[in-house]
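Peer 1: Need coordinates for the below:
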Amino acid sequence: MELPHVQTMYGELKDHEDLQILAVEINDDREGADTFIEEHGLTFTFAEANRAFVESKFNTSGYPNSFLIGKDGRIKQHWRGFRDGQETMIKDAIVEELNNDH
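Peer 2: Take a look at the predicted model:
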């Protein structure tokens, strides 16, 4: 379950003016998603999307997927799935991008 780890990263990095976190909820179970967000105290931004749209636009299937989009608007990293400990690698990549002067 990656989103509680994302919340921890967000809490640690949210004061950086260039950081934005957007979670895209596939609209299979809106009520369940809202309950999960509330139960885990998730405070970053969520959007809802159609599964077919997400899969076609981001050339992906299976979930979760995490994308690091740079200040230039380009995808810098893409992680498929989530494993314990991966949050450290993702956070390091985010910090590196935030500190990168483009």
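
Peer 1: make it CA atoms for all contacts and neighbour counts henceforth
Peer 2: Fine.

Peer 1: so who does the nearest residue to residue 16 once chain neighbours are set aside touch?
Peer 2: Beyond its immediate neighbours in the sequence, the residue positioned closest to residue 16 (C-alpha to C-alpha, 6 or more residues apart in numbering) is residue 98, lying 7.9 Å away. Contact partners of residue 98, counting by C-alpha atoms under 8 Å, 6 or more residues apart in numbering, are 16, 18-19, 71.

Peer 1: could I get the residues you listed as a markdown table with distance to residue 88 and secondary structure?
Peer 2: Output for the contacts of residue 98, formatted as a markdown table (distance: C-alpha to C-alpha, whole Å; DSSP: H, G, I helix; E, B strand; the rest coil):
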| residue | distance to residue 88 | secondary structure |
| --- | --- | --- |
| 16 | 18 | coil |
| 18 | 19 | coil |
| 19 | 17 | coil |
| 71 | 21 | coil |
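
Peer 1: can you put the residues you listed in a markdown table and add neighbour count and pLDDT?
Peer 2: Compiled in a markdown table, these are given as follows (neighbours: other C-alpha atoms under 10 Å; pLDDT from 0 to 100):
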| residue | neighbour count | pLDDT |
| --- | --- | --- |
| 16 | 12 | 90 |
| 18 | 12 | 88 |
| 19 | 15 | 91 |
| 71 | 15 | 83 |
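
Peer 1: with the residues you listed in mind, which one is nearest to residue 33?
Peer 2: Proximity of the contacts of residue 98 to residue 33 (C-alpha to C-alpha) peaks at residue 19, which lies at 23.2 Å.

Peer 1: So residue 9 sits against residue 91, correct?
Peer 2: Yes - taking C-alpha atoms under 8 Å as the definition, residue 9 is a contact partner of residue 91 at 6.6 Å.

Peer 1: now the strands: where do they sit in this structure?
Peer 2: For the chain, the strands defined by DSSP state E cover 22-26, 45-49, 65-69, 75-80.

Peer 1: got CSV for the ones you listed, with distance to residue 56 too?
Peer 2: Putting the strands of the chain into CSV (distance: least, C-alpha to C-alpha, whole Å) gives the following:
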stretch, distance to residue 56
strand 22-26, 13
strand 45-49, 12
strand 65-69, 14
strand 75-80, 15
